[in-house]
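A.B. asks: Below are the sequence and a predicted model for it; my questions follow.
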There are 2 protein chains.
Amino acid sequence: MKPIKLKINTKTQKYSIIIGSNLGVNISKILKENSIYFQKCLIIIDKNISQKFISKIKKSLNKKKIYIHFFKASETNKNFNSVNKIVNILLNKNFSREDCVISVGGGITGDISGFAASLFKRGLKFINIPTTLLSQVDSSIGGKTGVNTKFGKNLIGSFYQPNLVLSDIEFLKTLPKRELICGYGEILKHSLIANKSFYKFLDKNSYKILKLSSPFIEKAIYESCKIKKNVVEKDEKEKGLRKILNFGHTFAHAYEASLGYSKKLNHGEAVILGIQSALSFSLKNNLIKKHDYYSILKHISEVNLPSKIKKFFKIRDLNKILSFMIKDKKNNSDKINLVLLKKIGNPIINREYKKDDLAKFLKNELRN
Amino acid sequence: MKPIKLKINTKTQKYSIIIGSNLGVNISKILKENSIYFQKCLIIIDKNISQKFISKIKKSLNKKKIYIHFFKASETNKNFNSVNKIVNILLNKNFSREDCVISVGGGITGDISGFAASLFKRGLKFINIPTTLLSQVDSSIGGKTGVNTKFGKNLIGSFYQPNLVLSDIEFLKTLPKRELICGYGEILKHSLIANKSFYKFLDKNSYKILKLSSPFIEKAIYESCKIKKNVVEKDEKEKGLRKILNFGHTFAHAYEASLGYSKKLNHGEAVILGIQSALSFSLKNNLIKKHDYYSILKHISEVNLPSKIKKFFKIRDLNKILSFMIKDKKNNSDKINLVLLKKIGNPIINREYKKDDLAKFLKNELRN
């Protein structure tokens, strides 16, 4: 299948997302086609990525000066220290603003690399090669970069758009099922907040998508990116509309933070749980169409997505979860700001609830 | 005199610079007039600023929750650690993106505060109250923020526009002459790269400006800001045109770095020396109109600006200076990229020279 190209046009940068197979061998040609020129590059690559990919990309970029930095991607390593290491390599190797940082890895690697690229001399070229389904359909689009702090996830960061995103299906074939499920969670989220017919496509084809069958997986990635693109183009800095992308995320961030970002619950799984909490909270507040609520729940159970928060938490975790929800970036006051759902394709933003309302709701969820 | 308002309109932010006297007492009114709303603010204030100003601003902002952070401004303290301290206060006090950071101090305080504001939750509101002539006419406009590293100045940072700039003449009355001279250097630079009639105004009125006589000082600040505004609006991220603002700065940064940012030579003085080096290099390369060159040199000597680099450096410092010039952010290769002058109001950008050319030139300057 020929690569698909999706053009993103934000206020600060125009760039393309290219979705296809085996893009690494052709990177030199792709760069030329997209008018991206540089002399030196630093490839920041997740330690788990096959060395073969490095050889491919090195061969294609043979006329450039290439430095490689191996990064051990984890939420714990997603800190300012890791960013500082990258910046120091760029300083030591005397990189200029016209040179390039290339990230090869999942969302964590991309966020760290993009953040370093944004800070170094106030910004050098940045190419993102997301290698997980989650990062291909979500974090690689829209220019959010950042690191975690002890207060929560991504509390320090920048908005920085890449010059190019290469989403290569080949990487997905090496991923464990659990990783694919995580990416699927964000794809589902995108359908729920923006596009009912895409939701129907997912509901019909989830099995083929998760088997990575062509052209289903490509279509799922493309449509998912397109939904995010439309939102990001209208509201790059999350002043309003972009908040809809956080559907389920206020819950999700609190869930993963409460478990100390442990491997028991990874980001994508937390998002799937968060989506269900947001749906359930929407129902409790009589906001969502019942038919849609039950359709989504049925879909989640058919695809075998993680579904019960009480599998991960006890009643005694309640205060911890709530304290993380209060600290969420989206809150403008001491109330908790949530994105909820009216019906499939139709979200509601800026609903504010008191801590007590959430406490009551979560207590109930943890009991049942 | 009524405050003067200059509107800045960049791709990412629209905001105003207000130039006047005693603005602190009216800050609440000014915020309302400029539609800036917040509940909490953190005032980051240079330790040397009079406590009276804090009382004034506190009184005017009496309905808001105010936190104060005293900052000991110095090039040595302009590091990531200082930024981290501010970010930690914002995290600890649970600031939201709708809250505000207010900087009260010179360029260093503004750069540190703006950088912290840009990173915290990827950006919260930011008001800059520059208290030195240098920061009023230069660093407070255009959104450059950043910190120094051992490799050089401002090598880590972001582009982040403030929501409002208040340039209060009152602060200038407490400044030592040396500080005013530094600000004057940037005013002169702005005239040289963009506006010959403004240069003539300076040449005629420099004495009154440096005595802070109204309306001369206001006009000097206003015109200077306007020149920078015009450049920044066209090229926010320094892709091309904005480079003209670096006239004299490649030399200047290397001079201050070579002295380890000591108090012997502060930033503004380094810029004045750098301007003269750039002029002299322009002359050596037959680029500048001789009449203009001598007119500027006469002006510099009349205003009593620092003028000889050999007062600060010996021949043995040459390699150090050159190594810092090579590391300058503006270089795209191993050549040194300079902004030079053709005639007053007419700069030349992207001239690249070999290290050897600069070595020869500087050796000569240090000898004569």
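C.D. replies: Nice, I can see it.
A.B. asks: Could you give the number of residues near the closest residue in space to residue A:3 that isn't next to it in sequence?
C.D. replies: Ranked by C-beta to C-beta, 6 or more residues apart in numbering or on different chains and with sequence neighbours excluded, the top spatial neighbour of residue A:3 is residue A:20, at 3.0 Å. Placement of C-beta: from N, CA and C, glycine included. A count of nearby residues for residue A:20, using other C-beta atoms under 10 Å in any protein chain shown, gives 18.
A.B. asks: Could you measure from residue A:20 over to chain B?
C.D. replies: 30 Å (C-beta to the nearest C-beta, to the nearest Å).
A.B. asks: Over to residue A:246?
C.D. replies: 13 Å.
A.B. asks: does that residue really touch residue A:339, like I thought?
C.D. replies: Yes: the criterion here is C-beta atoms under 8 Å, and residue A:246 meets it with residue A:339 at 5.2 Å.
A.B. asks: who's more crowded, these two?
C.D. replies: Neighbour totals were compared for residue A:246 and residue A:339, and residue A:246 leads with 25 against 21 (other C-beta under 10 Å).
A.B. asks: Quick one: name the residues of the stretch 101-250 of chain A near chain B.
C.D. replies: With C-beta under 8 Å from any C-beta of the partner chain as the criterion, the stretch 101-250 of chain A meets chain B at residues A:118-123, A:144, A:146, A:149, A:151, A:154-159, A:237-238.
A.B. asks: and for residue A:246 and residue A:339, which residues touch both?
C.D. replies: Residues touching both residue A:246 and residue A:339 by C-beta atoms under 8 Å, 6 or more residues apart in numbering or on different chains: none at all.
A.B. asks: coming back round to it: quick one: pLDDT of the residue nearest to residue A:3?
C.D. replies: What the model reports as pLDDT for residue A:20 is 95.
A.B. asks: what separates stretch A:170-180 from the chain centre, distance-wise?
C.D. replies: 15 Å (C-alpha atoms, centre = their mean, to the nearest Å).
A.B. asks: ignore the last one, stretch A:157-166
C.D. replies: 13 Å.
A.B. asks: Give me the distance between the two termini of that stretch.
C.D. replies: End-to-end distance for stretch A:157-166: 22 Å, by C-alpha to C-alpha, to the nearest Å.
A.B. asks: just the strands in the stretch 151-300 of chain A please.
C.D. replies: A:152-159, A:164-168 (DSSP state E, counting those that start in this stretch).
A.B. asks: Relative to residue B:217, which of these is closest?
C.D. replies: Distance to residue B:217, taken as C-beta to C-beta, is lowest for strand A:152-159 among the strands of the stretch 151-300 of chain A, at 36.2 Å.
A.B. asks: contact partners of the closest one?
C.D. replies: Contacts of strand A:152-159 (C-beta under 8 Å, 6+ apart): A:12, A:75, A:80, A:111, A:115, A:118-119, A:143-149, A:236-237, A:253, A:256-257, A:261, A:324, A:327-329, B:87, B:91, B:118-123, B:158.
A.B. asks: my read: residue A:272 touches residue A:185, true?
C.D. replies: Yes: taking contacts as C-beta under 8 Å, residue A:272 lies within contact range of residue A:185: 4.0 Å.
A.B. asks: can you put the strands of the stretch 151-300 of chain A in CSV and add mean pLDDT, distance to residue B:226 and mean neighbour count?
C.D. replies: CSV is the format used below for the strands of the stretch 151-300 of chain A (pLDDT from 0 to 100; distance: least, C-beta to C-beta, whole Å; neighbours: other C-beta atoms under 10 Å in any protein chain shown):
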stretch, mean pLDDT, distance to residue B:226, mean neighbour count
strand A:152-159, 90, 28, 22
strand A:164-168, 97, 37, 25
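A.B. asks: Tell me who's in contact with residue A:310.
C.D. replies: By C-beta under 8 Å, 6+ apart, the neighbours of residue A:310 are A:365, A:366, A:367, A:368.
A.B. asks: which residue ranges form the helices in the stretch 1-150 of chain A?
C.D. replies: Assigned by DSSP state H, counting those that start in this stretch, the stretch 1-150 of chain A shows helices spanning A:27-33, A:51-60, A:80-92, A:107-119, A:133-134.
A.B. asks: angle of the third one against helix B:80-92?
C.D. replies: Between the axes of helix A:80-92 and helix B:80-92, defined by axes from the mean of the first three to the mean of the last three C-alpha atoms, to 10 degrees, the angle is 150 degrees.
A.B. asks: what residues go with each domain of chain A?
C.D. replies: Domain ranges of chain A: A:4-172, A:177-367, per automatic domain parsing.
A.B. asks: Need the winner for burial among the ones you listed.
C.D. replies: domain A:4-172 (a mean of 20; mean count of other C-beta atoms under 10 Å in any protein chain shown).
A.B. asks: chain center to that domain, what's the gap?
C.D. replies: Distance of domain A:4-172 from the chain centroid (C-alpha atoms, centre = their mean) equals 14 Å.
A.B. asks: these two touch, right, the residue nearest to residue A:3 and residue A:6?
C.D. replies: No: if you go by C-beta under 8 Å, residue A:20 and residue A:6 don't touch, sitting 11.4 Å apart.
A.B. asks: Residues in contact with the helix or strand hosting residue A:366: which ones?
C.D. replies: For residue A:366, the element it lies in under DSSP states H and E is helix A:355-367. For helix A:355-367, contacts defined as C-beta under 8 Å, 6+ apart pick out A:277, A:280-281, A:284, A:309-310, A:313-315, A:317-318, A:321-322, A:325-326, A:334-336.
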